[in-house]
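Asks: Here is my input; please provide its structure:
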Amino acid sequence: MRAQDRSDFAVQCRALGARLAEGELPLAEFRGRICALLTERFSVSRASLWRFVGAGVDRRMCCVGIGTMSGQFDPGGAVLHANAFGGYFEELVTRGVYSAPDVHVDPRLAGLAPYFEATGVRALLDTCFAINGLPFGVLCLEETRHTRQWTAAEGAALRQAASALSLVVARLGPEFDFGVRHDD
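Replies: Here you go, the predicted structure:
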């Protein structure tokens with residue numbers, strides 16, 4: 001993602017957040033547009049948005065939206081539990097970025113094999129973002145057509161996108177949760 005694209009993402013993200021806050025944009029459309037921006041900016045097969053719920057071994061990630069290169073949007077619904085995918089969760093939360101050029105050979109992703117088989121995901125680049133110092137969500141870029149060697153620049157650009165989104169979410173207030181029920 002070029003510097004101009006990063007700036008455009010932040011501007012568009014803020015505009016979407018403002019429209020959501022004003023009631024001009026439904027939550028599902030906000031999530032869909034964030035995924036579409038990511039898919040377009042990073043030229044990936046799919047981009048998804050996830051929300052952390054719980055803490056420690058009870059932590060889970062709930063998918064709140066998936067956008068595809070063809071412009072389709074799915075409201076998500078998949079739930080990944082930290083106790084089943086600890087290596088992935090631990091690295092994502094502690095390092096901030098998880099890069100897997102080939103998900104089928106990464107031992108920390110072995111437990112996610114059924115998810116990858118069902119979705120056709122071959123490579124992923126994920127980053128988490130925090131609100132007030134607490135892990136809040138994840139932006140996930142996925143390739144379904146082939147493996148992909150992610151660059152350091154792509155990882156940095158995804159982190160910048162997550163930072164822009166975290167500012168928008170923080171402005172939406174402490175009750176904002178992407179529509180995830182915490183008792184799921």
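Asks: just checking, C128 is part of a helix?
Replies: No - in this structure, C128 is strand, not part of a helix, as judged by DSSP: H, G, I helix; E, B strand; the rest coil.
Asks: Now do the contacts for E91.
Replies: Going by Cβ atoms under 8 Å, 6 or more residues apart in numbering, E91 touches 98, 108. Any C-beta I mention is one placed from the backbone N, CA and C, and that applies to glycine too.
Asks: ok, 6 Å please
Replies: Listed by Cβ atoms under 6 Å, 6 or more residues apart in numbering, the contact partners of E91 are Y98.
Asks: pLDDT value on it, please?
Replies: Here the pLDDT value assigned to E91 is 86.
Asks: Does it belong to a helix, a strand or coil?
Replies: Three-state assignment for E91 (three-state DSSP): helix.
Asks: now V105
Replies: Recorded secondary structure, V105: coil (three-state DSSP).
Asks: Kindly list the main-chain dihedrals of it?
Replies: With angles defined as degrees, to the nearest 10, V105 sits at phi -110, psi 0.
Asks: What is the neighbour count of it?
Replies: 10 (other Cβ atoms under 10 Å).
Asks: Over to T147?
Replies: If we define neighbours as other Cβ under 10 Å, then T147 has 13 of them.
Asks: Nearest residue to it in space, please, no chain neighbours.
Replies: The shortest distance from T147 to any non-neighbouring residue, by Cβ to Cβ, 6 or more residues apart in numbering, is to D102 (4.3 Å).
Asks: Ok, G71 next?
Replies: Per Cβ to Cβ, 6+ apart, closest to G71 is A36, 6.9 Å.
Asks: correct me, but that neighbour touches G67?
Replies: Yes - contact criterion Cβ atoms under 6 Å: A36 and G67 qualify, at 4.7 Å.
Asks: quick one, which of those two is more surrounded?
Replies: Comparing A36 with G67 by other Cβ under 10 Å, the one with more neighbours is G67, at 24 against 19.
Asks: and T127, how far is that from L16?
Replies: Counting by Cβ to Cβ, to the nearest Å, the gap from T127 to L16 is 19 Å.
Asks: what do you get for I131?
Replies: Noted for I131: a distance of 17 Å to L16, by Cβ to Cβ.
Asks: name the helices or strands packed onto the helix or strand containing A161?
Replies: Assigned by DSSP states H and E, A161 belongs to helix 152-172. With contacts taken as 3 or more Cβ pairs under 6 Å, 6 or more residues apart in numbering; DSSP states H and E, helix 152-172 sits against helix 3-21, strand 123-131.
Asks: Output the below-cut-off pLDDT ranges for this protein.
Replies: Applying pLDDT under 70 to the chain flags the ranges 1-7, 181-184.
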